[in-house]
Every structure is written in structure tokens, then in C-alpha cells.
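>>> Here's a sequence, model it:
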Amino acid sequence: MSSKRLAGFAAVFLLTTSPALAQDDKLEGVIVQAGEGEVVVQVGNSRQTVTLDADTRIRQTIGPLNARREDKTPAELLPGLPIKVEGTAGGGSFAADQIEFKESDYRTAVQIRGGQAE
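Model (predicted):
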């Protein structure tokens, strides 16, 4: 196989796989601050800013096995809520494509928020 042909295959491979690789970033943590198109998530010993846009899909898992999913709004991303985020990391922030959380965790975060309001 000629080197030009091999270089061509390599270029096609990189062009077709790079966007998919960029979508593979994931993180899990607890929201510590939310609002204005972003949430700050505690991930281990550090905090990560996660940006949201109109295309960010926010889903809540429900049911005994967390098998069903319902779409939610950014207003339901509360401090104290554990979340899983898929998206793209870069430039010191994380652009979210999808955020997912459990119904039971959401109920707990609402109770915490209610206790802080008193």
C-alpha cells in the first residue's frame, strides 16, 4: 500500500472518529450551585463548571429500577442533587449534552432546599 493511500485512510479515520471522541466526556458529582445557564458540580475534591444550552437534554430516571426517563428543565437542577453529565470538556468548563439524575435523589434535594428556606 502506498504511503499516500495510507495517509488518506488515516485522515479519513481521524475526521470520522474525532467528533465522536469529543462526545465521550463524562463526569459525576453533586450540584453545589445552579443558575444562569450553568451548574457548578463537586467532583471529588474539585469543582467543575458545567454549561447548559438549549440543546442540553435533562432527564430524570424514575421507577423501581430507574429504567424509565422523563425530560426535565434546568430549573430542576438543585444544589445537593447528584448528577451524571455527558458532554465535551475544554477551556476550563464542561459543555453538557445530557444531564441525568434519579427521582429519589431529586426528592432528597428538594427536602434539603426546603429545610434551608426555614
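>>> any weak-confidence spans in this protein?
Applying pLDDT under 70 to the chain flags residues 1-23, 116-118.
>>> Name all residues that make contact with Gly63.
Applying C-beta atoms under 8 Å, 6 or more residues apart in numbering to Gly63 gives the contacts Glu103. Using the backbone N, CA and C atoms, a C-beta is placed for each residue, glycine as well.
>>> so the residue positioned nearest the centre of the chain bridges to which residues?
Central residue of the chain (C-alpha atoms, centre = their mean): Val85, 1.9 Å from the mean position. Listed by DSSP bridges, the beta-bridge partners for Val85 are Leu27, Ile99.
>>> quick one: it and Gly114, what's the gap?
25 Å (C-beta to C-beta, to the nearest Å).
>>> Alpha carbons of stretch 56-66, as CSV, please.
Taking C-alpha atoms only, stretch 56-66 is exported to CSV below (Å, rounded to 0.1, in the frame of the first residue of the first chain):
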residue,chain,number,x,y,z
THR,A,56,-28.9,20.2,26.6
ARG,A,57,-31.1,17.2,27.5
ILE,A,58,-32.0,16.9,31.1
ARG,A,59,-33.6,13.6,32.2
GLN,A,60,-34.8,12.1,35.4
THR,A,61,-34.8,8.3,35.9
ILE,A,62,-37.9,7.0,37.6
GLY,A,63,-39.3,3.7,38.7
PRO,A,64,-38.1,0.9,40.9
LEU,A,65,-35.2,0.1,38.6
ASN,A,66,-34.6,3.7,37.3
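>>> which parts of it are buried?
With burial defined by 16 or more other C-beta atoms under 10 Å, the residues of stretch 56-66 counted as buried are 56, 58, 60-61.
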